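Novice: need coordinates for the following:
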Amino acid sequence: MNESASSKSIVASNHIPELDGVRGLAILAVTLYRFSRDIPTDTRLGAVLHDALTLGSRGVELFFVLSGFLITGVLLDAKSSPHRYRNFFARRSLRIFPLYFAALGLFVVILPLILGSRAPFTQATEQQFYLWTYLSNIRMSWMGEWSFGRLDHFWSLAVEEHFYLIWPWIIFTVPDRWLLRVAGIGFAVCAASRIVFAAWSDNDVAPDVFSFFRFDAMLIGAMLVIYRRSQPTTRSPVQSIRFLRILLILSAVATLAVALFNRRLLTTAETAFPFTFAFLIAVVLRPESRSNLARAFRWRWLRSLGKYSYAMYVFQSPLIPLVALLPFSASVFDRFGGDDSIVAHLAYVAFMFVLTYVVALASWHLLEKHCLRLKRYFHSESESRQRFQSHNHR
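Specialist: Here you go, the predicted structure:
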């Protein structure tokens with residue numbers, strides 16, 4: 001990877017406004033899906049709303065693609081650092097572990113002590129070993145069932161953690177000229193193995209949650225950033241914004257067709273969606289992109305969702321049974337028309353969305369931002385260069 005290509009490429013950084021917006025879109029989609037699953041489908045409007053919001057579950061794939069893109073960029077920046085492993089794992093741990101373990105302690109230790117038999121996380125409490133060790137998705141895959149109740153969604157956090165354990169070693173040991181090929185082979189093997197497994201097994205859970213089967217989405221994000229950094233300054237037609245927009249439209253249409261008309265199709269949608277999301281990221285990050293689509297990802301409210309997306313994801317599902325424990329929750333729901341009312345369910349979605357955001361905001365200010373300040377003891381290479389350049393320009 002030549003120096004000029006590396007310097008002019010967009011560094012995979014959480015400080016790129018558009019990427020905060022992309023992350024915001026992902027959590028917006030997942031949160032709307034999470035709280036709308038009980039919308040009645042006995043009317044045409046209800047069925048359309050249910051099907052549309054159900055697509056929000058694909059926000060997890062967008063998180064995976066974005067994670068692969070960002071983490072690979074960080075690793076490439078740190079490749080020449082003598083403390084690259086220490087810095088990477090320390091910084092990842094400061095971002096992920098404090099909130100995860102604090103939330104887990106609240107759900108499976110503190111609340112059962114306070115609520116006793118009324119605690120809503122019995123399944124998770126009984127099998128908490130797998131949660132503490134990031135093995136919940138392995139347990140689900142082996143058993144072929146969703147095993148942790150309202151903490152089932154932690155499977156995706158386990159997948160990302162497993163990727164973080166493997167991918168840095170590959171980035172740091174494989175020569176730059178081979179990285180794109182290695183990522184491509186890894187993507188093909190992961191996707192093909194999942195499709196073959198889905199074709200020959202009656203286990204419907206493992207293709208969704210087993211780490212190796214889901215690495216393909218993160219490897220698509222990795223391939224995107226590796227490809228961008230390996231290109232010369234002169235742009236080819238393949239890199240033009242018009243060509244990328246065409247690819248995005250075609251990919252989105254094909255992916256939606258697969259998702260709407262054959263939801264499983266041997267899990268090919270689990271790969272089709274990440275390709276569409278990769279094209280989306282490529283479009284919004286092109287320097288000459290001035291479309292409404294690109295500007296939308298710089299909206300402040302969408303970037304705000306992206307900033308607090310981790311806590312929103314962690315808390316959104318557990319909040320459902322916790323809110324149901326409140327004595328006034330049922331009566332308030334009934335005021336909007338009861339269980340058969342679409343209006344009542346939409347009001348519930350809106351209320352839970354706001355509540356999730358407020359809880360995430362509190363999590364950020366009470367815990368997360370204080371832990372992130374410790375990152376200064378483990379500088380990444382890109383941050384060190386930025387500090388050096390800033391000092392020289394004073």
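Novice: and Ile170, what element?
Specialist: Per DSSP states H and E: Ile170 is located in helix 155-173.
Novice: gap between the residue most central in space within the chain and Met218?
Specialist: Taking Cα atoms, centre = their mean, the centroid of the chain lies closest to Phe63, which sits 2.1 Å from it. Applying Cβ to Cβ, to the nearest Å, the value for Phe63 to Met218 is 9 Å. For the C-beta atoms, the positions are set from N, CA and C on the backbone; glycine is no exception.
Novice: shared neighbours of the two, anything?
Specialist: Glu160 (Cβ atoms under 8 Å, 6 or more residues apart in numbering).
Novice: point out where the stretch 1-150 of the chain drops to low pLDDT.
Specialist: Scanning the stretch 1-150 of the chain for pLDDT under 70 picks out 1-15.
Novice: can you give me the helices in the stretch 1-150 of the chain?
Specialist: 3-8, 17-35, 44-54, 59-77, 84-105, 111-115, 122-126, 128-132, 136-143 (DSSP state H, counting those that start in this stretch).
Novice: would you mark the buried spots in the longest one?
Specialist: Residues of helix 84-105 classed as buried under the neighbour-count rule (16 or more other Cβ atoms under 10 Å) are 84, 87-88, 91-92, 94-96, 98-100, 102-104.
Novice: just the CA atoms of it, as CSV, please.
Specialist: Output in CSV follows, covering the C-alpha atoms of helix 84-105 (Å, rounded to 0.1, in the frame of the first residue of the first chain):
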residue,chain,number,x,y,z
ARG,A,84,-0.3,-2.3,18.1
TYR,A,85,-1.8,-5.4,19.9
ARG,A,86,-1.8,-3.8,23.3
ASN,A,87,-3.3,-0.5,22.1
PHE,A,88,-6.0,-2.1,20.0
PHE,A,89,-7.3,-4.5,22.6
ALA,A,90,-7.0,-1.9,25.4
ARG,A,91,-9.0,0.6,23.4
ARG,A,92,-11.6,-1.9,22.3
SER,A,93,-12.0,-3.1,25.9
LEU,A,94,-12.5,0.4,27.2
ARG,A,95,-15.3,0.9,24.6
ILE,A,96,-17.1,-2.4,25.0
PHE,A,97,-16.5,-4.0,28.3
PRO,A,98,-17.6,-1.4,30.9
LEU,A,99,-21.2,-1.0,29.6
TYR,A,100,-21.6,-4.7,28.6
PHE,A,101,-20.6,-6.0,32.0
ALA,A,102,-22.3,-3.3,33.9
ALA,A,103,-25.6,-4.0,32.1
LEU,A,104,-25.1,-7.8,32.5
GLY,A,105,-24.6,-7.4,36.2
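Novice: distance between it and the chain's centre?
Specialist: 16 Å (Cα atoms, centre = their mean, to the nearest Å).
Novice: show me what it packs onto, helices and strands only.
Specialist: helix 59-77, helix 128-132, helix 155-173, helix 309-324, helix 369-372 (3 or more Cβ pairs under 8 Å, 6 or more residues apart in numbering; DSSP states H and E).
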